[in-house]
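Enquirer: let's see this in three dimensions:
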Amino acid sequence: MAETTLAELTTLRVGGPAGRLLVAETTENLVAHVVDAWSDDDWLVVGGGSNLLVADGGFPGTVVVVRTRGVTHEADEDGVTVRVAAGEPWDEFVATTVARGWTGLEALSGIPGTVGASPVQNIGAYGVELSDVLTAVEFLDAETGERSWVPAAELALGYRTSTLKHGRRGAVLTVEFRLGTATADGVPVRYAQLAGSLGVELGTRVAPADVRAEVLRLRSSKGMVLDDADPDTWSAGSFFTNPIVSRGFAETMPLDAPRWPAGDDVKLSAAWLIEHAGVHRGYGVPGSSAAISTKHTLALTNRGGATAAQVAELARYVQVTVANRFGVTLVPEPVVVGDLLD
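Expert: Next up is the predicted model:
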């Protein structure tokens, strides 16, 4: 049997072989595989592989691939509690919520990956974050060996971060959401670009199916919906997070630099910084098959045959260029496996 590489399991399509590969198709199977993997010094849990950059040398330990499925729900007069197996494809689940008249996730349509990975990053788009509707995760803790439900309040959910990403080792088995129930008007639109695209004012309630359709259209126009025929989608999505800086530092930025309040600090636009530092859409390091997307400055793409080292070289080039121009260090959003960006 041919050796499976991480390139086959990630949307960037780069990465070498796994030392050992285990595929879990039921939750009990997932628990058993993860516990088995703990016998190795190195182990990795992979869902949709949409937020991973894996070194060309691969991963020497055990890789557990999550392919569990299942959605259950319990409705009451105030809404619906939904529990979803970690391996459910995220966008398929969102489509299910829209079809069943459940509200709260439609603005997160088109995001690649699995449901189990969604709380790790606290995924978000178009004014909505997972933390808005996440209530708990069923978690298998690598430190204690315990399997338990962890309330969302204990996950320190923030901008593209959580304790699941930093510090809490283990595996997400099931994710629980609290969603609204059928209303023809849907939930208020919170994001200016989406509102403008829908032709409504901010805060207007729009039917979930209409929001989903427009979000998919917008994401597709940016190369952010997976398409085997489009190398612009062979990426890990937005490669850098929007930097959060002090108010004093923000005042030193050009007046036309986009910015948003972030508590006591200010969030800047990574895409704007990259473009105005002179790294434009479609740019690639000479001789490399890795390039900036032709549709979206934040996406680093594999144009076909790229290596992880080439993606990392492009990422470092972007970081250095932005730092030299604006004094801002861009932080990669994907999980990096191997010594690529150290």
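
Enquirer: next secondary structure after the helix or strand containing residue 193?
Expert: Per DSSP states H and E: residue 193 is located in helix 192-198. On the C-terminal side of helix 192-198, the closest following helix or strand by DSSP H and E is helix 208-221.

Enquirer: now the helix or strand following that next one: average pLDDT?
Expert: The helix or strand immediately downstream of helix 208-221 is strand 235-238, counting by DSSP H and E. Strand 235-238 shows a mean pLDDT of 94 in the predicted model.

Enquirer: and for stretch 303-317?
Expert: pLDDT averaged over stretch 303-317 gives 96.

Enquirer: next, the buried residues of it.
Expert: 303, 306, 307, 308, 309, 310, 311, 312, 313, 314, 315, 317 (16 or more other CB atoms under 10 Å). In short, each C-beta sits where N, CA and C put it, glycine included.

Enquirer: could you dump it to CSV, C-alpha only?
Expert: Taking only C-alpha atoms (Å, rounded to 0.1, in the frame of the first residue of the first chain), the coordinates of stretch 303-317 have been written out as CSV:
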residue,chain,number,x,y,z
ARG,A,303,0.0,26.6,-7.3
GLY,A,304,0.8,23.0,-7.9
GLY,A,305,3.8,21.0,-6.6
ALA,A,306,4.8,23.5,-3.9
THR,A,307,6.7,22.2,-0.9
ALA,A,308,6.1,23.2,2.7
ALA,A,309,9.5,24.9,2.7
GLN,A,310,8.4,27.1,-0.2
VAL,A,311,5.2,28.0,1.7
ALA,A,312,7.2,28.9,4.7
GLU,A,313,9.7,30.9,2.7
LEU,A,314,6.8,33.0,1.3
ALA,A,315,5.4,33.4,4.7
ARG,A,316,8.7,34.7,6.1
TYR,A,317,9.0,37.1,3.1
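
Enquirer: contacts for that stretch?
Expert: 12-16, 53-56, 231, 234, 239, 279, 284-285, 288-292, 300, 302, 332, 336, 338, 340-341 (CB atoms under 8 Å, 6 or more residues apart in numbering).

Enquirer: now do 7 Å
Expert: 12, 14-15, 53-56, 231, 239, 284-285, 288-291, 300, 302, 332, 340-341 (CB atoms under 7 Å, 6 or more residues apart in numbering).

Enquirer: which ones among these lie within strands?
Expert: Residues of those located in strands (DSSP state E): 53, 54, 290, 291, 300, 302.

Enquirer: between those residues, which is closest to residue 125?
Expert: residue 300 (18.4 Å; CB to CB).

Enquirer: give me the below-cutoff pLDDT ranges for the stretch 151-300 of the chain.
Expert: Applying pLDDT under 70 to the stretch 151-300 of the chain picks out residues 182-184.

Enquirer: how about a cut-off of 80?
Expert: 182-185 (pLDDT under 80).

Enquirer: returning to that earlier point: residues contacting the helix holding residue 193, please?
Expert: So helix 192-198 is in contact with 107, 126, 189, 201, 202, 204, 206, 210, 214, 215, 218, going by CB under 7 Å, 6+ apart.

Enquirer: okay if I get those as CSV plus neighbour count and distance to residue 164?
Expert: Shown next, in CSV, are the contacts of helix 192-198 (neighbours: other CB atoms under 10 Å; distance: CB to CB, whole Å):
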residue, neighbour count, distance to residue 164
107, 27, 22
126, 21, 23
189, 26, 29
201, 11, 36
202, 13, 31
204, 13, 34
206, 21, 31
210, 15, 32
214, 21, 30
215, 26, 25
218, 20, 28
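
Enquirer: just to revisit the earlier point, in helices, which of the buried residues of stretch 303-317 fall?
Expert: 308, 309, 310, 311, 312, 313, 314, 315, 317 (DSSP state H).

Enquirer: as TSV, the residues you listed with distance to residue 101 would be great.
Expert: Listed next are these as TSV, based on distance: CB to CB, whole Å:
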residue	distance to residue 101
308	43
309	47
310	45
311	41
312	44
313	47
314	43
315	42
317	47
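
Enquirer: farthest-separated two in the residues you listed?
Expert: 308 and 317 (14.9 Å).

Enquirer: pLDDT averaged over the strand or helix carrying residue 120 - what is it?
Expert: Per DSSP H and E, residue 120 falls inside helix 118-121. Per-residue pLDDT over helix 118-121 has a mean of 95.

Enquirer: could you identify the helix or strand that succeeds that helix?
Expert: Next element after helix 118-121 (DSSP H and E): strand 124-125.

Enquirer: list of residues touching that following strand?
Expert: With CB under 7 Å, 6+ apart, strand 124-125 has contacts from 107, 108, 111, 130.

Enquirer: also stretch 261-279?
Expert: So stretch 261-279 is in contact with 240-247, 250, 253, 257-260, 292, 297-298, 318, 321-322, 325-326, 328, 330, going by CB under 7 Å, 6+ apart.

Enquirer: centre of the chain to stretch 73-90, how far?
Expert: From the chain centre to the centre of stretch 73-90 is a distance of 20 Å (CA atoms, centre = their mean, to the nearest Å).

Enquirer: got the CA coordinates for that stretch in PDB?
Expert: What follows is stretch 73-90 as a C-alpha-only set of coordinates in PDB (Å, rounded to 0.1, in the frame of the first residue of the first chain):
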ATOM      1  CA  HIS A  73     -30.600  17.900  18.800                       C
ATOM      2  CA  GLU A  74     -33.100  18.800  21.500                       C
ATOM      3  CA  ALA A  75     -35.400  21.700  20.900                       C
ATOM      4  CA  ASP A  76     -37.400  23.700  23.400                       C
ATOM      5  CA  GLU A  77     -39.400  26.900  23.300                       C
ATOM      6  CA  ASP A  78     -36.300  29.100  23.400                       C
ATOM      7  CA  GLY A  79     -34.100  27.400  20.800                       C
ATOM      8  CA  VAL A  80     -32.300  24.200  20.100                       C
ATOM      9  CA  THR A  81     -29.300  22.400  21.700                       C
ATOM     10  CA  VAL A  82     -27.200  20.600  19.000                       C
ATOM     11  CA  ARG A  83     -24.500  18.100  19.600                       C
ATOM     12  CA  VAL A  84     -22.200  17.300  16.700                       C
ATOM     13  CA  ALA A  85     -19.500  14.600  16.200                       C
ATOM     14  CA  ALA A  86     -16.000  16.100  15.800                       C
ATOM     15  CA  GLY A  87     -15.500  14.700  12.300                       C
ATOM     16  CA  GLU A  88     -18.600  16.200  10.700                       C
ATOM     17  CA  PRO A  89     -17.500  18.500   7.900                       C
ATOM     18  CA  TRP A  90     -18.200  22.100   9.100                       C
END
